[in-house]
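A.B. asks: generate coordinates for the sequence data below:
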Amino acid sequence: TRDFLGPAAGVSGSAPKAANFRTSTITQPQGLVGGGGLASKQSELSGFGGAAVVKSSLSALRQQYGGPPSQGLSASSAAATTYAQSASALPAVALARLQSDFGEAPVGMDGGLREALGAVGVEAPDEADLEKMWDDVTTINREVAAQPSTWAVAAGRPNVAYAEAWGVLREDALRGGAEGSAPVVPGLGVVACREKDELVGVARTKLGNDPMHHRLLQSVWRHLAADEQAPLRVGDHWTSIGFQGTDPATDLRGVGLLGLLHLLLLAERAPGRLQAGLAASRHGSRHFPFAAASFNFSKLAVDLLLEGKLTSLCNAAGDAEHVVARLYVGAFCRFLARWEHERLSIEDFGTALRDLSTLAARSPQLLVREGGV
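C.D. replies: Next up is the predicted model:
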């Protein structure tokens with residue numbers, strides 16, 4: 001069986017620990033937690049040659065503009081070499097980029113750095129320009145700090161519906177929000193083929209500092225936690241709805257935002273089964289991580305699509321998104337019902353998942369029909 005979204009580890013052990021999907025093709029950078037969008041403000045600040053200047057450490061500069069300096073260089077020589085390498089793209093970095101390594105006060109370059117810059121043929125900015133750069137950085141920082149974070153803005157919005165979120169995320173995926181092309185599925189119709197690409201794109205999209213990403217995550221929280229207040233972006237509270245750590249992004253690495261979309265769909269389509277499943281997941285001795293378990297079934301549905309097991313169903317329906325969504329709902333609801341009926345425990349998760357995977361591959365139409373509740 002081909003594995004297009006990365007391997008899924010089974011749930012095992014006495015402490016509930018579920019699927020940790022990993023997708024090597026996702027390269028979109030993850031957003032800053034609770035950030036105010038400093039990156040979006042950089043274009044407002046011009047230094048020498050119009051380059052944006054932000055305050056960061058020398059190590060960040062080395063990583064972004066030329067890697068680590070050669071062994072044996074002094075701090076000044078290393079900074080000068082890095083400065084020279086990036087001079088054409090960022091010649092105004094001397095103060096803002098090196099400030100944390102050469103002192104906290106905006107006093108300009110020390111003699112060693114100025115001399116080292118001269119030795120590699122780069123003219124250092126004068127003190128007045130450095131002072132102005134520092135003042136501009138301070139102004140931008142104050143403006144950014146005064147802006148509400150993307151997370152806070154999303155908290156003031158109502159829950160997003162599955163259809164709206166899917167519409168936005170599919171367009172983002174098509175515009176290049178996630179890297180890599182989806183595998184070709186022979187025989188898949190034109191519309192279903194396009195939706196297949198969109199599904200894979202959303203499944204490869206990381207949770208970032210994006211308004212829709214945050215609205216989606218907060219909507220999932222409100223449905224699953226039955227709490228209208230948006231929580232902190234990172235914290236232990238996420239484990240109460242079945243994430244395995246303090247940051248939901250960690251559990252989403254293999255199914256991306258599709259995992260959140262499917263949880264939202266389950267809340268809309270089968271709220272009774274959702275609440276019963278959540279209650280079962282919190283049982284004193286038969287608990288399991290609800291959200292992380294759900295992601296296994298999102299992955300199963302997409303894998304079956306890419307393996308060609310859903311081609312006839314998709315062509316008959318004229319789409320792929322609804323077929324995949326209904327198969328997810330049907331498979332996960334079957335899992336939740338079996339968990340309660342057979343009084344399964346965390347050690348049984350792998351067996352239950354394998355059995356449902358076999359059923360889904362053999363009779364996907366059964367689960368798709370059940371998923372249309």
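
A.B. asks: for the rest of this, base every contact and every neighbour count on C-alpha atoms.
C.D. replies: Fine.

A.B. asks: quick one: low-confidence parts of the stretch 51-200 of the chain?
C.D. replies: 51-114, 116-117, 120, 122, 124-125, 177-180 (pLDDT under 70).

A.B. asks: my error: substitute the stretch 251-373 of the chain in the last question.
C.D. replies: Applying pLDDT under 70 to the stretch 251-373 of the chain flags residues 373.

A.B. asks: make it 90
C.D. replies: Scanning the stretch 251-373 of the chain for pLDDT under 90 picks out 253-254, 372-373.

A.B. asks: in which helix or strand would I find the nearest residue to His213 once chain neighbours are set aside?
C.D. replies: In space, and not counting its chain neighbours, His213 is closest to Leu207: 6.1 Å by CA to CA, 6 or more residues apart in numbering. Following DSSP states H and E, there is no helix or strand that holds Leu207.

A.B. asks: which SS class is Ala182?
C.D. replies: coil (DSSP: H, G, I helix; E, B strand; the rest coil).

A.B. asks: Glu195 is in contact with that one, correct?
C.D. replies: No. With contact defined as CA atoms under 8 Å, Ala182 does not count as touching Glu195 (10.5 Å).

A.B. asks: what is the burial count for the residue nearest to His213?
C.D. replies: By other CA atoms under 10 Å, the residues close to Leu207 number 23.

A.B. asks: thought it was touching Thr250?
C.D. replies: No. Leu207 lies out of contact with Thr250 (CA under 8 Å); the separation is 9.1 Å.

A.B. asks: enumerate every residue touching Ile306.
C.D. replies: Slight slip there: residue 306 is Leu, not Ile. 4, 183-185, 196 (CA atoms under 8 Å, 6 or more residues apart in numbering).

A.B. asks: circling back: find residues that contact each of Ala182 and Glu195.
C.D. replies: Going by CA under 8 Å, 6+ apart, no residue sits against Ala182 while also sitting against Glu195.

A.B. asks: quick one, strands of the stretch 51-200 of the chain?
C.D. replies: Per DSSP state E, counting those that start in this stretch, the stretch 51-200 of the chain carries no strands over any range.

A.B. asks: show me where it has helices.
C.D. replies: 58-64, 75-85, 93-98, 111-119, 127-146, 150-155, 162-172, 190-203 (DSSP state H, counting those that start in this stretch).

A.B. asks: and after the last one, which helix or strand comes next?
C.D. replies: For helix 190-203, the following helix or strand on the C-terminal side (DSSP H and E) is helix 211-225.

A.B. asks: which helices and strands does that following helix pack with?
C.D. replies: Applying 3 or more CA pairs under 8 Å, 6 or more residues apart in numbering; DSSP states H and E, we find helix 211-225 packed against helix 150-155, helix 162-172, helix 256-269, helix 271-281.

A.B. asks: which positions in the first one come out as buried?
C.D. replies: The reference is to helix 150-155. Buried residues in helix 150-155, counted by 16 or more other CA atoms under 10 Å: 150-152, 154-155.

A.B. asks: among these, which one lies nearest to Val368?
C.D. replies: Ala154 (32.9 Å; CA to CA).
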